[in-house]
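Asker: Provided below are the primary sequence and the corresponding predicted coordinates.
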Amino acid sequence: MSTHQQLLYHIVFSTKNRKPFLKNDAFRESVFAYAAGISKNLGGFALNVNGYFDHMHLLVRIPAKIAVSKFIGELKANTSKHINDTSGLIYKFGWQDGFGAFTVSTSQKDKVYEYIANQMQHHLGETYKAEYIRLLEKHEVEYDPRYVWE
C-alpha cells in the first residue's frame, strides 16, 4: 500500500521580545511572502501567511519527512537572515525562540485560513499575548505561565 498524508498546521511565533518590528505594511507583506517561499523550499506549502506588528501566523502543510520543529527553525532562520540582509534596519532582527504549532483538520481549514487572513482587524481587540494563551488553552496545550514569554 502506498503512503498518503495531509499534515496541516497553524503555526504562530512572535518577533524577539514581541517588538513591533513589522509595522510597515509593505515590509510586513514582503516578510510574509518570503516565508511562504521558504515553506515551499522546505517541501511544504503555505496556504496562508499573515500576522500583526509583532508576530506571524502560517497555515501550512509540512511534509512528514521533516519534523515540525526543524521546519519552523529553518523557516525562522531563513526569514531572519533575509530581513537582516535586505531590510537596511539598524538593529538585528530576530524571532522569539519558541513557537506554537497546532494541527488543523480539513474541516477547520477554511476557518483557520480566515482567522489568519483577518489578523489586522483581530488585533484591534486582542493582544498577541492574550491570543497566544487562548490558542494554547483552546488546543489543550499544557504550559507554565512563568516560562511562556522567555
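Answerer: Yep, it's here.
Asker: which residues of the chain score low on pLDDT?
Answerer: For the chain, residues meeting the criterion pLDDT under 70 lie at 90.
Asker: biggest helix in it by residues?
Answerer: Criterion DSSP state H: the longest helix present in the chain is helix 68-86.
Asker: first-to-last residue distance for stretch 2-14?
Answerer: 38 Å (CA to CA, to the nearest Å).
Asker: now that stretch: buried residues?
Answerer: Leu8, Tyr9, His10, Ile11, Val12, Phe13, Ser14 (16 or more other CB atoms under 10 Å). Glycine gets a C-beta too; all of them are placed from N, C-alpha and C.
Asker: excluding its backbone neighbours, what's nearest the second one?
Answerer: The shortest distance from Tyr9 to any residue other than its chain neighbours is 5.2 Å, reached at Ala101 (CB to CB, 6 or more residues apart in numbering).
Asker: what residues of stretch 85-101 count as buried?
Answerer: Phe93, Gly94, Trp95, Gln96, Phe99, Gly100, Ala101.
Asker: actually stretch 136-143, not the one I typed
Answerer: Neighbour-count burial for stretch 136-143, counted by 16+ other CB under 10 Å, picks out Leu136.
Asker: all strands of the chain, in order?
Answerer: For the chain, the strands defined by DSSP state E occupy 8-14, 45-52, 55-61, 100-103.
Asker: keeping just the C-alphas, turn the longest one into CSV.
Answerer: Output in CSV follows, covering the C-alpha atoms of strand 45-52 (Å, rounded to 0.1, in the frame of the first residue of the first chain):
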residue,chain,number,x,y,z
PHE,A,45,3.1,24.6,1.2
ALA,A,46,1.8,27.7,2.9
LEU,A,47,-1.9,28.2,2.4
ASN,A,48,-1.9,31.5,4.2
VAL,A,49,0.7,33.7,5.9
ASN,A,50,-0.2,36.8,7.8
GLY,A,51,0.1,38.4,11.2
TYR,A,52,0.5,41.6,13.0
